[in-house]
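Participant: Okay, predicted coordinates and the sequence, questions at the end:
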Amino acid sequence: MDISRENIILQKEKVYFCILMIFAILFWLFVLATIVGPLFVLAFAFMGWLANGLFIARLKSDCVLITEQQMPELYGTFRQVCSKLELTKLPELYVVQSQGMLNAFAIRHSGRNFVVLYSDIVEAYGQSSDEMRFVIGHEIGHIQRKHILKLLFLGPARILPLIGTAYSRACEATCDRYGAFAVNNIGGALTAMMILSGGKESGRLMSSEAFSQQWHNHRGFFVSWYELISGYPTLAQRVANIIAIKNNSKAPKVSRHPISYIFAFFTFGGGGSGLGNIFITVAIIAILASIAIPNLLRAKLSANDAVARSEIYSLANALIIYSQDHDGEFPSDPTVLVNSKVPYIDKVLCAKESSGFKYQCVLSKNDFKLIATPVTMGTTGTQEYQISKEDFLPEPELGQIEKQEKSGSSNQFLLNLNRE
């Protein structure tokens with residue numbers, strides 16, 4: 001199929017983007033609905049911005065900015081590609097020493113775009129070659145499609161199995177079409193891909209047609225599995241797609257091993273390198289943890305409060321029953337309640353700590369006061385609880401009960417806990 005400005009974007013990139021957009025919106029709405037979720041998101045965003053800023057600082061300090069005075073031939077090629085792809089605001093172009101690696105990438109920081117070329121790819125392709133136009137056009141495609149900004153918003157959804165990596169592959173395939181559209185000769189795009197596949201010198205001597213057949217011929221389980229979890233189309237597939245453009249035919253289609261989809265669904269993949277995928281996963285886990293942990297803490301606080309109320313109520317009730325058995329007097333030592341022949345209660349927590357609370361018991365013959373105080377206010381409990389003899393309502397006489405039953409009212413014989 002011939003490439004034009006109208007059909008340069010692959011339709012499947014748009015479809016996958018819409019699917020991921022739905023999941024991303026649901027995720028961000030869920031985060032915004034929590035108390036601390038937005039704070040953690042802002043914290044991670046700020047740290048990412050700082051790290052990205054340091055990387056841009058390295059570009060400006062240690063790498064070579066390409067201008068009309070610095071490598072003017074390469075700069076002229078860069079401007080031609082930007083003009084053909086109708087990019088009016090030119091990004092800054094840098095060349096970085098790469099120790100033999102052949103690569104290029106686009107990056108964005110604080111509203112400005114940057115294109116970075118590894119020095120070895122410049123040496124392998126030449127400054128004004130069609131191969132160089134293809135590589136620059138590919139990176140400009142990322143900028144025009146706003147893939148970097150979309151990555152930030154779609155980040156949580158891109159870890160979805162199958163769909164997340166499929167979207168990444170579609171983005172790369174679209175950018176290959178941008179690169180092919182930017183070159184004067186489609187053969188230059190094929191040579192660029194063959195150099196990436198076979199090396200600086202050998203790649204120019206290799207057959208792109210034969211290499212593309214590897215994608216058609218090797219369709220086993222492991223190859224299919226690898227393709228499904230990769231954020232990039234395989235190099236053989238990319239060459240096959242460019243050959244289809246050259247022949248003005250539809251992009252080829254191949255089958256994948258059906259079981260590979262099951263394995264890929266449960267296999268960690270992602271849109272970029274393994275390290276980038278791990279960072280995204282850790283960030284998402286941290287966000288989810290920031291949502292779940294406060295809920296767990298609140299549940300624990302509520303449970304501790306309930307235990308404290310129950311403990312002093314049970315002890316107070318035991319003291320009341322003891323006083324009824326001992327002519328209205330309370331024990332001077334609360335352990336008597338446990339050590340009696342028939343225990344009034346199974347344990348006494350006076351002057352002890354339990355479930356995040358410390359307990360204090362003040363006893364006299366005619367009165368008592370029980371206090372449960374959080375060990376750390378707000379962390380192990382939400383408030384202090386107190387109970388005394390006065391919190392038990394006196395038992396009414398029989399005549400009063402009959403009068404209340406006739407009037408339809410009821411009396412309360414339960415403990416009334418004062419919350420302070």
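Facilitator: Thanks, I have it. Numbers count the residues shown, from 1 in each chain.
Participant: so where's the protein uncertain?
Facilitator: Along the chain, the parts satisfying pLDDT under 70 run over 1-2, 268-292, 393-420.
Participant: Looking at the record's assignment, how would you partition it?
Facilitator: Following automatic domain parsing, one finds the domains of the chain at 11-272, 302-419.
Participant: tell me which residues in the helix or strand hosting Ala106 are buried?
Facilitator: Using DSSP states H and E, Ala106 sits within strand 104-109. The neighbour-count check on strand 104-109 (16 or more other C-beta atoms under 10 Å) flags 104, 106-109 as buried. From N, CA and C alone the C-beta is placed, and that goes for glycine too.
Participant: picking up where we left off before, among the domains of the chain, which is nearest Pro294?
Facilitator: Closest approach to Pro294 among the domains of the chain (C-beta to C-beta): domain 11-272, 5.8 Å.
Participant: about what we covered before: after the strand holding Ala106 comes which helix or strand?
Facilitator: Past strand 104-109, the next helix or strand by DSSP H and E is strand 112-118.
Participant: quick one on the thing from earlier: within its sheet, name the partner strands of the strand holding Ala106 and how each one runs.
Facilitator: Take DSSP bridges as the rule and strand 104-109 pairs in its sheet with strand 112-118 (antiparallel).
Participant: Which pair of the buried residues of strand 104-109 spans the longest distance?
Facilitator: Largest separation among the buried residues of strand 104-109 by C-beta to C-beta: Ala104 and His109, giving 17.2 Å.
Participant: just the domains of the chain: most buried one?
Facilitator: Ranked by mean neighbour count, the domains of the chain are led by domain 11-272 with a mean of 17 (mean count of other C-beta atoms under 10 Å).
Participant: what's the offset of it from the middle of its chain?
Facilitator: When C-alpha coordinates are averaged (C-alpha atoms, centre = their mean, to the nearest Å), domain 11-272 and its chain have centres 22 Å apart.
Participant: for stretch 326-344, same thing?
Facilitator: Distance of stretch 326-344 from the chain centroid (C-alpha atoms, centre = their mean) equals 58 Å.
Participant: rewinding a little: would you mind checking which of the buried residues of strand 104-109 is nearest to Pro91?
Facilitator: Set against Pro91, the nearest of these by C-beta to C-beta is Ala106 (7.3 Å).
Participant: what's near enough to touch the closest one?
Facilitator: Taking C-beta atoms under 8 Å, 6 or more residues apart in numbering, we find Ala106 in contact with 91, 113-116, 139-140, 142-143, 147-148.
Participant: Let's see that with 10 Å instead.
Facilitator: Ala106 makes contacts with 91, 113-116, 136, 138-144, 147-148, 175, as judged by C-beta atoms under 10 Å, 6 or more residues apart in numbering.
Participant: Also Phe221?
Facilitator: By C-beta under 10 Å, 6+ apart, Phe221 lies in contact with 256-260, 263.
Participant: And for Glu209?
Facilitator: Glu209 touches 190, 239-240, 243, counting by C-beta under 10 Å, 6+ apart.
Participant: Give the closest residue to Asn185 in space, chain neighbours not counted.
Facilitator: Asp130 (5.0 Å; C-beta to C-beta, 6 or more residues apart in numbering).
Participant: Backbone dihedrals for the one you found, please?
Facilitator: Per-residue torsions, Asp130: phi -70, psi -30 (degrees, to the nearest 10).
Participant: distance of it from Met206?
Facilitator: 17 Å (C-beta to C-beta, to the nearest Å).
Participant: So which of the contacts of Ala106 is the closest to Asp325?
Facilitator: Distance to Asp325 across the contacts of Ala106 (C-beta to C-beta) is lowest for Ile148, with 79.1 Å.
Participant: Test my guess that the residue nearest to Asn185 contacts Phe181.
Facilitator: No: taking contacts as C-beta atoms under 10 Å, Asp130 lies outside contact range of Phe181: 11.9 Å.
Participant: hmm, back to that, any chance of the domains of the chain in TSV with distance to Arg5 as columns?
Facilitator: Shown next, in TSV, are the domains of the chain (distance: least, C-beta to C-beta, whole Å):
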stretch	distance to Arg5
domain 11-272	8
domain 302-419	61
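Participant: related to what we said a few turns ago, quick one: which two of the contacts of Glu209 are the most distant?
Facilitator: With C-beta to C-beta as the measure, no two of the contacts of Glu209 lie farther apart than Leu190 and Ala240, at 10.4 Å.
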